[in-house]
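# quick one, fold the following:
(2 chains)
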Amino acid sequence: MAKRYPIDLKLSGTVAAAGTLTLKSDSFKPGGLLCIQRVSCRDTVDSSVTYHVSLERSGQQLYLETLISTVASQVVAMKEKVYAPSDYGVTVEVTGATAADIIEVGIFGYWTDFPG
Amino acid sequence: MLFQRDLLIESGKTVADPATDTMVLCEGTIVRYSLLFPPGCAGLAHVQVWLGGFQLIPWSRGLWAHGDDHSITGDTNYPVGPAPRIIMLLGYNEDDTHDHTVTVMLEVNPTRFTPGEIGLEDLLALGGLMI
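Here you go, the predicted structure:
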């Protein structure tokens, strides 16, 4: 079995005046298999925030899931794990937040070489 | 519903670093597949199709489909669950001169589909083609 290299990333950012924010991870390693097991998001201040989670590489975007929090500091997370080529990165687009809020995103999973 | 994608496999792509592309399907069952190898591939372009973390086509792990002026077609019964429904296409190319393009077609019997759930613009943005 190919070795699995764990992914445990934390992204954070400050919401712009328009109430939006986009957080992007770097692309992972090319030439392998990426498994995103969980993407979790939270806004420590605002209660109703929408997070659009997708995978992205060189202009190609794969929509995954929309997460909606209804309580301040509520952690919302993807329900299904997803597999993709490992040169994709994770993008989270935040809408409906209050300006200057801090958004935190956790990305967990692994990448591995294709068995060939 | 037929989903189709052309996989461009550049010259020199290897098993260790294959060309990759993706398709997004609707929820349902994959009932038929076709891999179209145009004339000129000369058996040098090799393709695998993955669903989730598993190799789907060819079913034998580690094997790659290849051909020349030939389509590999089969009936299947693979369920495609709730979103995200990402198909991965992998290819490597033993041709040291020419790139090759292999067309992958998947026919899906949708279990739940309402017109407008997936718009044409969404499909084009996602890289799939619905006919």
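# contacts, neighbours, all on C-alpha from now
Noted.
# how about the helices in chain B?
Secondary structure of chain B (DSSP state H): helices at B:120-126.
# so which residue of chain B comes closest to chain A?
residue B:17 (4.1 Å; CA to the nearest CA).
# can you report how many residues lie near that residue?
Using other CA atoms under 10 Å in any protein chain shown, the number of residues around residue B:17 comes to 17.
# for the nearest residue to it once chain neighbours are set aside, give its distance to residue B:14.
In space, and not counting its chain neighbours, residue B:17 is closest to residue A:31: 4.1 Å by CA to CA, 6 or more residues apart in numbering or on different chains. Distance, residue A:31 to residue B:14, by CA to CA, to the nearest Å: 9 Å.
# of the two, give the one with the bigger neighbour count.
Neighbour totals were compared for residue A:31 and residue B:14, and residue A:31 leads with 22 against 17 (other CA under 10 Å).
# contacting residues for residue 35?
You didn't say which chain, so I picked chain A. If you count contacts by CA atoms under 8 Å, 6 or more residues apart in numbering or on different chains, residue A:35 has them with A:81-84, A:109-111, B:53.
# wrong chain, I was asking about chain B
Counting by CA under 8 Å, 6+ apart, residue B:35 touches B:71-73, B:102-105.
# if we can go back for a sec, backbone phi and psi for the residue nearest to residue B:17, please?
phi 80, psi 20 (degrees, to the nearest 10).
# from what I see, it and residue B:13 are in contact.
No - Residue A:31 is beyond contact range of residue B:13, at 9.9 Å (criterion: CA atoms under 8 Å).
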